[in-house]
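In: I would like the atomic coordinates for the input below:
(chains A and B)
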Amino acid sequence: MRPVDPRLLRYAAAARAFFAAGGVLALLQTAAVIGFSYLVTHVIVRAIAGEQLENLVLPLVLLAGVVLVRFAAAWLAELNSARGAAVVKSELRRRVLDAVTKLGPGWLGSRNSTAVGVTAGPGLDALDTYFSKYLPQLILTAVATPIILVVIWWQDWLSGLTVTVTLPLIPLFMILIGWATQSVQQKQWEKLGRLSTAFLDVVGGLSTLTIYGRQHRQAARIRAVTDDYRSQTMKVLRVSFLSGFALELAASLSVALVAVSIGVRLIEGSLGLEVGLFVLLLAPEAFLPLRNVGAQFHAAADGVAASSDIFDILDAAALPSAPAGVPSVSSEFVGGAERGAGLQVRGLGVRYGENVAFEGLEARFERGAVTVVTGPSGAGKSSLVAALLGFVPAAGSILVDGRDASGDPVPRPWLAWAGQHPSLLAGTVQSNICLGDETPDAVAARASLDLVGGVDLDLGALVDSRGGGLSGGQAQRVGAARAVYRARRTDGAVVVFDEPTSALDDETEAAFIRGLHVLAGEGRAVVVVSHRRAVIAGADAVVALRALEAVLP
Amino acid sequence: MNRSDVIRLAQPRLRRFAPGALLGLVSALCAVGLLATSAYLITKAAEQPPILYLSAAMVAVRAFALGRAAFRYVERLASHDAAFATMPELRVGVYERLVPVSPDGLGSSRRGDLLTRLVADVDEQQNLPLRVVQPLVVSGLTAVAAVVAVWILLPAAGVVLLAGLVFAAALGTAANSWVSSRAERELAGLRGGYQAELADYLANLDTLVAYGAASGARASLAEADARLTRALIRRSAGAGLTAALVTLIAGAVTVLILLAGIPQLGVGGFEGPTLALVALVPLAVFEVFGMVPLAWGAWRQVAASADRIASVVPDSVPDGIPVDRPGAANELPGGPVSLRLREVSARWPGERRDALSGVDLDVRPGDRILVRGASGAGKTTLAHVLVRFLEHGGSYRVNGIEVRDLQQDAVRTVVGLCEQSPHLFDDDIRQNLLFAREAASDDELLAVLDRVGLGEWVRERGGLSARVGEHGSLVSGGQAQRIALARALLAGFPVLVLDEPTANVDADRADALVADLLAAASGEERAVVVISHTPVPPELVTHTLRL
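Out: Just a heads-up that it's a prediction; the model follows:
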C-alpha cells in the first residue's frame, strides 16, 4: 500500500473537508504539546531555582489551560476522524450503488450479488482503520513532526540532529521488514490458507462426515491442524513483529541518546536545564504520531486491500458504456406488408467480450400466441431474455408491432417479465405483485394470481426477502403473477416468463399453462423459456435455440 | 454452552499466560523507567555533580530504551503463542458439542452461514488473552507499581496519581457500558437492517429495474444509510470522548503534583530531580494506561462472539434430535436390508407442527422409490428421519429391528444420504471420495466416477488429484451431486436416499441429471429413495410415494 491511496481520495471527495479540518486540529494539538512541554519545564526549572509557588501561579494556570486545549483538540480530532470515516463510507456506499445500478442487472448477473453486497456493506468497514485511525495519524505526523523538529533544532541542534537522523530509520526498517515478512508469508501462503480454513471445512462438512460415520475421528485432526497452524503462524510472526521492534527501538533509543547527551552537556555546563528538559519532553512527541502510523499501517493496508473490489466496481462504471456491437441490420424492414403484430427479432445477437452467447437470431413471437423458447444449456436463452429486457447490449433489432424498439428505455414499456428466480421482496404477496405500480389495484392483483394457478395464496400473506413464508412453487407463482399484473396494467404487448414452472408440480403446471393461453388471448405475445415437456406441448409455437457449437460446421 | 464456558476455554492457563504478561509488564515498566530516569538524569546533571555520580543513570536510560523494545518483541511472541495454544482445545470443545446435535439441532435455515460465523467467532476468541486480559493486567500492574514508587518519593503525589488512574478507569468502564449497552445495540440493528436491505436490492436488481422500482428502493436504502451513519457518528463521539478525557486527566495529574510538590522542595530530602521525576512519570503511566479503553473495545467484540458461540452450541441435545440409548446395538447383521415405516411422523426442533405425519413406506432391495410432494410437504424431513438426523414418532424398523434400539451410526452404515447441497472438502477429488471407503484404489475411484458420468471430466482436469476448491467452488452444482453420489456408491450403502439432487442445478440440466443419477445408483441389491420435484422417467422408478 502506498501511504495515501489516491483512488480512495478521488472517490471519497467528502474526505477532503475532513482532511482540512484534521490538519487544523493537528496544528492545534501540536501547539498544545509544545506549550505543555514548555510550561512544565518552565515551572519545574523555576521551582528548582527556588521560586515560591505564589510566583508560579500564572504559568500553572497557563499549563492548566493548555491541558484543556489539548483535551479539546484531541476530542475534536477523534470526532472529526470518526465523522470523516462514517461520511466517507456512506459516500462510497452511495457511489458503489450508483455504479452497480448504472452497470445494470446484466453486469450484476455475471457476478455474485452476495459478494457485491459484502463489498458495499461490511467490506467497507475494513476501511474504518484507514480513515479513522491511520489517516489522522498520518496527517498529525505530517504536521507535528516537522514543527517539533524545528523547535528541537532551534533549542539544541545536537538533539535535533539525533532525532532527524533516527526518524527516517523507522519507515526504512518497516519497509525492509515488510518485504521480509511478505517473502516468509508467500513461501507458506497456500499452506497457511489451507490450515486456516481447515476447521471451517470440518465444521461445514459435519453432516456429511456424520453420514459416513466419520464425525468422531475429527477431534484429533482439528487438534493437529490447529497446532500446525500455530507453529506456521509463529514463524511468520517472528519476522513480522520485527517491524514493531525496530519502531520502538528507534524511538526509545533516540530519546535515550538525547537524554544522555543533554545530561553530559549539563554537567559540563554548556547547556541550560530549561533547554535540556524541554527537549527531552519534546523528543518522544516527535516520534509518537509516526509510531501510531506504523502501528496502524498493517490494519489499514489490509483494509484498503480488502476494499479494492469497490474500486474495481467504480472503475468499471466510470468507463464509457460498451457499444452495442453491430448496428441494426433491418432499418427497411419496418412497415409494409410484413408489418407483424407482436414481437420480432432480426439478426439479434449478444456477446460477452469474446464469447458469443447467440447471434443472428431471427424469430417471431405473435400476439395471441404462446411461444416457447427451448434449447440446451448455454444456447443463449437467458441472454435472449436479457437482450429483450435491455440489460445487455445486443446487435440486430427488436421490433414490436413492426416498430424498432431496440433502443427503448429500460424498463421497456411494452414488456413484462418474470425471471427464473422469483425475486421476492420483503412485504406482502400483494406488494410483490404490484411492484413498481404507484396505485396498486388489489382486484387486478388477485386476478393475476388466480390466472397463474395461485388460488391458494392470500394477497395479505407476509413475505420476507428470502421467500420465507412461501414454498418454492408458491414464490414462483407470485413472481409470475407480478408479470401478468404489469402486462395488464400497462397493457404491455409482450410477456416473458423464464422457466416459470420449474418448481411446480404437474397439476399446478397445467393450471399455469391454461393461464398463459388466457393471457395470450388478451392479445399479448406470450414468450416462455422452458424445457418442460408439458409447457412445450401446450405451446402455439416453438423457437428452438441451438448450442453454438452445433451451428458451426 | 454459556459465555463463561467459552471464555474459560479461550483464556490460557496461568502457566502459559504468565510469561507473556510478565514480559509485557517489564516492557511497560521500562517505558515508564525511561522517562523517569532521563528526567532525573537531566535535572540532577544540572546540579553539575561529578559525572561518575550519574553514570548509573546513564546506563539505566540506555538499558530501559533497549529493554522496552526488546521485551515488547519477546512479549508479543510469547503472548501470541499462548493465545494460539488455547485454540485446539476451544475448537475441539466446540466441535465435540456440535457433533451430537448436527445437523438438525442447529436450525435448518442458512446453516452454512451460521457455521461460517461460528468458526469466525471461535477464532475471534484469540483476542481474549491478547487484547483484553493482557493489556488490562499489564496496565493495571504498571499503574500500581508507579503509584507505589511515586508515593514513596512524595506521598501526596502518589495519592493524586492513584486518584487520577482510578478516575480514568471508572470513566473508561462507564463509557464502555454506555457504548455496549446502548450505542452498539442500536448500531447492530441499523447495520443489520441496512445490510439486509442492500442484499435484497442487489439480489433483485433485475426485477427492480424491469419494473421501474429501482429508484424507490434506492431512496429507501439512502435513508437507512443516513440513519446508520448518524448512529455511527454518535457512537464515535462518546467513544472518542473517553480517550480524550484520559489525556485531560493525565495533564490534570501533572498540574496537581506540581502544586503539591513545589512547596515540599527542600523538605525531608525532596529535591529538584525528584520533583521532575514525580511530575513527569504520570505522563508515561497514562500512555501505558491508554491500552485500557482499547481493551474494553476488544472485550465487547470477544464477549459478543462468545455469546454467539454459546447461542449456537446448545447445552443439551434439543427435543427432536435422536440420542443413542444406553445399550443400543452398534451393528446390524449383514445381508440385504429392508426398511419398514409405519405411521411415521417428525417435527423439526423448535417447531410446533409436525413436518411429516402418517407416513407408511416399505423399502426393499432393488426398489427405486420416487418421493414427490409440494415444497413443505416433508420430503427432506423424511430423508433426515431415514438417516436418523431427526427423531420420529411411529415405527421405523431396519430388518425388523426398531431403529431406536440401534445406535445412529449403525443405522447410517446401511442407510446413506446424498444431501441437497453436498459438502465437498477443500481437497482433491481423491480425498473427497476416499473417506467413504479408505481402502479404495485409484482404479476403483475412477470406475465409480465413470459410473456417475464424471470420468471424462476428471481426466480432463488432470485426474484424481484435481482440487475441488473451498466448499467445492471449482465444481458446478451438478458435478458436486455426481461426486456425492460417487462417494455414496463407494461406501456401498444398501439403502441410498437422494434428497433433491437438482436443487442447485439449472432448470434445463435438472431432468437429465436426476435420470443419470438414478440410473447410476440402481443395483440389484441396493434400494434407492429419490426425492425430486423434477420429473423422473417412469421406467427408472418402481414405486412413487406422495407426501
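
In: what's the neighbour count on residue B:245?
Out: Neighbour count for residue B:245, taken as other C-beta atoms under 10 Å in any protein chain shown: 19. C-betas here are computed from N, CA, C, even on glycine.

In: Distance check, it against residue B:141.
Out: Between residue B:245 and residue B:141 the distance is 23 Å, computed by C-beta to C-beta, to the nearest Å.

In: same question, residue B:25
Out: On the measure of C-beta to C-beta, residue B:25 and residue B:141 end up 5 Å apart.

In: out of those two, which sits in the busier spot?
Out: The residue with more neighbours, out of residue B:25 and residue B:141, is residue B:25; 21 against 17, by other C-beta under 10 Å.

In: Quick check: that one touching residue B:140?
Out: No. When contacts are counted by C-beta atoms under 8 Å, residue B:25 is not listed as touching residue B:140 (9.5 Å).

In: and residue 29, what element?
Out: Went with chain A since none was named. helix A:15-48 (DSSP states H and E).

In: wrong one, chain B
Out: Using DSSP H and E, residue B:29 falls in helix B:14-45.

In: what does residue A:373 give?
Out: strand A:370-374.

In: Please apply the same query to residue B:285.
Out: Per DSSP H and E, residue B:285 falls inside helix B:272-289.

In: Take the helix or strand following that helix, keep the C-alpha atoms, and write them as CSV.
Out: Toward the C-terminus, helix B:272-289 is succeeded by helix B:291-312 as the next helix or strand (DSSP H and E). Extracted C-alpha coordinates of helix B:291-312, given in CSV (Å, rounded to 0.1, in the frame of the first residue of the first chain):
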residue,chain,number,x,y,z
MET,B,291,-4.4,0.4,26.4
VAL,B,292,-7.4,0.2,28.8
PRO,B,293,-10.1,1.8,26.5
LEU,B,294,-8.8,-0.3,23.6
ALA,B,295,-9.1,-3.4,25.8
TRP,B,296,-12.7,-2.6,26.6
GLY,B,297,-13.4,-2.3,22.9
ALA,B,298,-11.8,-5.7,22.3
TRP,B,299,-13.7,-7.2,25.2
ARG,B,300,-17.0,-6.1,23.7
GLN,B,301,-16.2,-7.9,20.5
VAL,B,302,-14.9,-11.0,22.2
ALA,B,303,-17.9,-11.1,24.5
ALA,B,304,-20.3,-10.7,21.6
SER,B,305,-18.6,-13.6,19.8
ALA,B,306,-18.6,-15.7,22.9
ASP,B,307,-22.3,-15.1,23.3
ARG,B,308,-23.0,-16.1,19.6
ILE,B,309,-21.0,-19.3,20.1
ALA,B,310,-23.0,-20.0,23.2
SER,B,311,-26.3,-19.4,21.5
VAL,B,312,-25.4,-21.7,18.6
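
In: Show me what the helix or strand just after helix B:291-312 is packed against.
Out: Moving toward the C-terminus from helix B:291-312, the next helix or strand (DSSP H and E) is strand B:339-346. Judged by 3 or more C-beta pairs under 8 Å, 6 or more residues apart in numbering or on different chains; DSSP states H and E, strand B:339-346 is in contact with strand B:356-363, helix B:379-386, strand B:393-398.

In: try 6 Å
Out: Counting contacts by 3 or more C-beta pairs under 6 Å, 6 or more residues apart in numbering or on different chains; DSSP states H and E, strand B:339-346 packs against strand B:356-363, strand B:393-398.

In: With distance to residue A:104, mean neighbour count and mean pLDDT added, can I get these in TSV?
Out: What follows is the helices and strands packed on strand B:339-346, written out as TSV (distance: least, C-beta to C-beta, whole Å; neighbours: other C-beta atoms under 10 Å in any protein chain shown; pLDDT from 0 to 100):
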stretch	distance to residue A:104	mean neighbour count	mean pLDDT
strand B:356-363	44	18	93
strand B:393-398	52	18	94
